Structures are given as structure tokens and as C-alpha cells.
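>>> Any chance you can model this:
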Amino acid sequence: MVKNYKKCIFSAILLLLILFSFTVNAFANEGFVLKECAVLTSSEPDWWGAGVQYGRLLVLKNQGNSDDGAILATHCELNAGLEEYNPRYPIYKSTDNGKNWDVITYVTDTLTGANSEWNPFLFELEKDCGKYKKGTVILAGCSIDPEHKKESYIRLYFSTDGGSTFEQGVVVASGGGLEEGVWEPFLLQLDDGRLVCYYSDDSGKEHSQKIVYKTSDDAENWSGTTDVVASRNFDERPGMPVVTRLGDGRYFMVYEVVDKKGVSGNPIYSRYSDDGLDWGNPKYIGKEVVSYYGGKKALGSAPFCAWTPVGGENGTLIVGGTFMRTGESNTGSDLFISDDNGRSFVAIPHMISYTATNNAGYSNSFAFSEDGKDMYLINNPQNPDNRGKSRMLFITVDFESSLQLFNIEGIRNTAIMPVVLVSGGVTFSAIVIIILILIVKKKRNKKK
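Take a look at the predicted model:
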């Protein structure tokens, strides 16, 4: 009897090990379907920092001609202060789903007298706005003086020929140097045609930094500022707002919070709006974007988000960042995907791998084809020929097929099920052991 008792204990332990192994291996079927890959450019050796970063994409959808479906791209060139270079935004174009790219123009600030060098963003009007017709391409960017100490501007440049040429446009906002400037514009057009420009604002004295927006009926004359996120804590710096519209009509915003009290790693937060204007109490810092499946993971710094109708009745919401604030990633940083409009997230590998050092992967972004089935990603991983500098890399992924491989629901259920199974296994094993102990004791008492 004692021998059988020992065998049962061994079997119970073996069951637990099998269940634990199932838990560990449940997340091994990650992958994606790559369709195209292209290097847009590499940093020059004498450019400072990563050299190239902050890549942005735009899929043209409102041109009314053969340009619909074409992809535009831009990024920062960190070459300010070098006499042989002119700070500018290169504009690339691809008409074959990202396989081949051409530089079609360069945009530089000739209006403010400052360098046009930071935080570019590409946008296409979905409706007429003032004299600018549906399909007008807008490049928003940040111009700053060469020493980065005196003046900064949120600038708009307008293109009526699909991005081939840009006129100088207008100044949306202005500020001082690095400690009191205006940064990181993001554009959105409301259902009534009004244009919204969200941006980070350092210029006030009541907050180290806050997120604000201005609106315009004609893209030329802009309203005063409205606070979106303005922390009660002066030192906390919410910034880098990015907005996407969900399938249910609501707007979803992500942003980083630098110098968050008691928290390191520039956590990424989110909030919702029904109309793109009312985001709730600005003093509310928001809800952190976290994945709890397969271990807690949280993103840090320079977020981005986008939504696609692919992936079920709610479509799929994707959030990215620069690095992992909590948890590990084998690809520099994970992407967080949600099939329930952001109530919960599942972490998957980033599709452009990099090492999160030297500002590689900083403010990487993504967009979707018009049908939402293809995902376009742009990132600045390390240049293999010069690891201290970045190159600007683009890929096209068959997102619809990749979702089937990722299997969000499967990951979610698998992450929960092993806990239940292990818990059940522990309970079962405990019951077996207790019963066997009682049997052994009863057997011994009978012998006495």
C-alpha cells in the first residue's frame, strides 16, 4: 500500500509538471506573414543620435485617381547644425504596396526661419476644409531654431498633387526652445469637416507639459487651445498624442507620460472620446495600456495606435511603443493588439525587430490598406553596417492571415486555461495525497 501511495504522489507531481509545461509552451506559435520589405534610407555617419527616426506613413484613399492605394512615407533627418545638410522632411512614395520607393520631394520650412526637422506627420483630408479639397495631403511638423533654445512652431504644409509638391501653409502653434516649446502634432478630421491638431505643449507655467488641441474650419485659422491631458502633478509630462477611430465610432488616444510620479519608463496611457473633442477630465491621467496574458507586459515611450476592421465584430486595435517598460520582448518592443476596443490587450512580437538602444525603434508607426487586410510598418532599427546609427525600414504584412497565426482568442484562453488546469491539477493532486494519507493511517491503526 505504501508503495502504491508513493506511486500516486509521483503521478500527481508528474501531472503538475505536464500542466506547467503546457503553460510555458502555449505561446510558442507566434508569427506573421511578410509580403514586402524595403530599406528607405540609412543615416549618414556624421548625423547625430540615431540619424533617422520618427517614421510616418500615409495610405492615399481620396485622390480620385490612380494614386489611391499608393503609400507615402516620411521621417526625421537628425542633421541640424551640420553645414553641408539642410534640415528637411523627405517624402517617399510607393505604388506597388511598399516593394519599391522613390523620393518624390523634400519639404523644408521657408516661412518661420527655423529648421524643419522634428515630429513629421502625414494626413489626407477626407472632406473639404475651407479652400482645401478632399484628398489634400497635409504634412505637419515641428520647426525649431538651430540651437534648440529660442523658438518652436507646429507647421502645416499642403499638397494638392498627392504629395509631389507642398506649399508652405500655416503656423498652428508656437513656443520657445526645448524647455517651453510645442511638439509632436497629430491631425484628425471630424465628421463635420473640422480639422483638429493635437500636440504636446511645454509653453505654459502651470504644467511641465500637457496635451492640448486646436480646431479649424478652414485649416488656416485656428482656435485657442483646449486641454486634453494636464496632470495635477506639475512634473508629469503627458505627450506624443496619437488618435485612431474605432469601429463603434469612438475615438481612442494613446500618449506617454514622462516623469510619472513613482513610475519609470515613460508609461503609455489611453483614453476615449465620443466626438474627438471631449476627452473627459484633463486632470485624469488615463488608463495604462497593459497586457496580462502570458505575464504582465507594459509599453514605454513614443506610442502609436491604429485600428483595422479585420479581426471580428470589433475589428482590431493595435498599440505600439519604443520599448518594454514591464516584461520582456525578443523584438525590441511588442505590439499590443485588442479585439474588444481596448478593454484588454494581447502582446505579440513586433514585426520589425530591433534592439531598443540608441533611439532605435523610437516612435515607430504603422498604417493599414484601405480594406484593412495589409498592415504597413515603418521603423528605424540599427543599421547592420553601423550599429550606432539607424536605417529606415518598411514592411508590408498580410495582417488578416497573421491574425489567424497569432490567434488572439486562443492566446487569451490558453493564458487563462493553464491557470485553471494547474489549479485543478493542484486540487486533484492534493485530494489524492490526502486520501492516500488517510488510507495509510487507517491501515496502520488496524494493524495496531
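
>>> now the nearest residue to residue 263 once chain neighbours are set aside: how far from residue 193?
Nearest residue to residue 263, sequence neighbours excluded (Cβ to Cβ, 6 or more residues apart in numbering): residue 257, at 7.8 Å. The way it works is simple: take the backbone N, C-alpha and C, and place the C-beta from them, glycine included. Distance of residue 257 to residue 193, given as Cβ to Cβ, to the nearest Å: 32 Å.

>>> Tell me which of those two has more neighbours.
Neighbours were counted for residue 257 and for residue 193 using other Cβ atoms under 10 Å; residue 257 has more, 25 against 16.

>>> Can you show me the strands along the stretch 301-448 of the chain?
Along the stretch 301-448 of the chain, the segments classed as strands by DSSP state E, counting those that start in this stretch run 304-308, 316-320, 323-326, 334-338, 346-349, 365-368, 374-379, 382-383, 386-398.

>>> among these, which is nearest residue 90?
Among the strands of the stretch 301-448 of the chain, the nearest to residue 90 by Cβ to Cβ is strand 386-398 (9.1 Å).

>>> so where's this structure shaky on pLDDT?
For the chain, the stretches with pLDDT under 70 are 1-31, 414-448.

>>> Which element, helix or strand, includes the nearest residue to residue 287 once chain neighbours are set aside?
In space, and not counting its chain neighbours, residue 287 is closest to residue 270: 5.5 Å by Cβ to Cβ, 6+ apart. Taking DSSP states H and E as the criterion, residue 270 maps to strand 268-273.

>>> Nearest residue to residue 183 in space, ignoring adjacent ones along the chain?
Going by Cβ to Cβ, 6+ apart, residue 183 has residue 200 as its nearest residue, at 4.5 Å.

>>> Just give the number of residues close to the one you found.
27.

>>> Now it. Its backbone dihedrals?
The phi and psi values for residue 200, taken as degrees, to the nearest 10, are phi -90, psi 130.

>>> so which of the strands of the stretch 301-448 of the chain comes closest to residue 124?
Closest approach to residue 124 among the strands of the stretch 301-448 of the chain (Cβ to Cβ): strand 365-368, 11.0 Å.

>>> So what sits opposite residue 349 in the bridge?
residue 334 (DSSP bridges).

>>> Residue 383 pairs with what?
Beta-bridge pairing of residue 383 under DSSP bridges involves residue 386.

>>> was I right about it contacting residue 45?
No - between residue 383 and residue 45 there is no contact under Cβ atoms under 8 Å: 9.8 Å.

>>> So for the two, which residues contact both of them?
Residues touching both residue 383 and residue 45 (Cβ atoms under 8 Å, 6 or more residues apart in numbering): residue 389.

>>> quick one, which of those two is more surrounded?
Using other Cβ under 10 Å as the criterion, residue 383 and residue 45 rank with residue 383 on top: 21 against 10.

>>> Next, the contact list for the more buried one, please.
Going by Cβ under 8 Å, 6+ apart, the list of residues near residue 383 reads 42, 43, 389, 390, 391.

>>> can you redo those as CSV with neighbour count?
Below are these laid out as CSV (neighbours: other Cβ atoms under 10 Å):
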residue, neighbour count
42, 19
43, 23
389, 24
390, 30
391, 21
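
>>> Output those as a markdown table; include the columns distance to residue 91.
What follows is the contacts of residue 383, written out as a markdown table (distance: Cβ to Cβ, whole Å):
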| residue | distance to residue 91 |
| --- | --- |
| 42 | 18 |
| 43 | 18 |
| 389 | 22 |
| 390 | 19 |
| 391 | 18 |
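
>>> Of those, which is the nearest to residue 235?
Nearest to residue 235 out of the contacts of residue 383 is residue 390 (Cβ to Cβ; 30.1 Å).

>>> Run through the bridge partners of that closest one.
residue 382.

>>> Brilliant, that's me finished.
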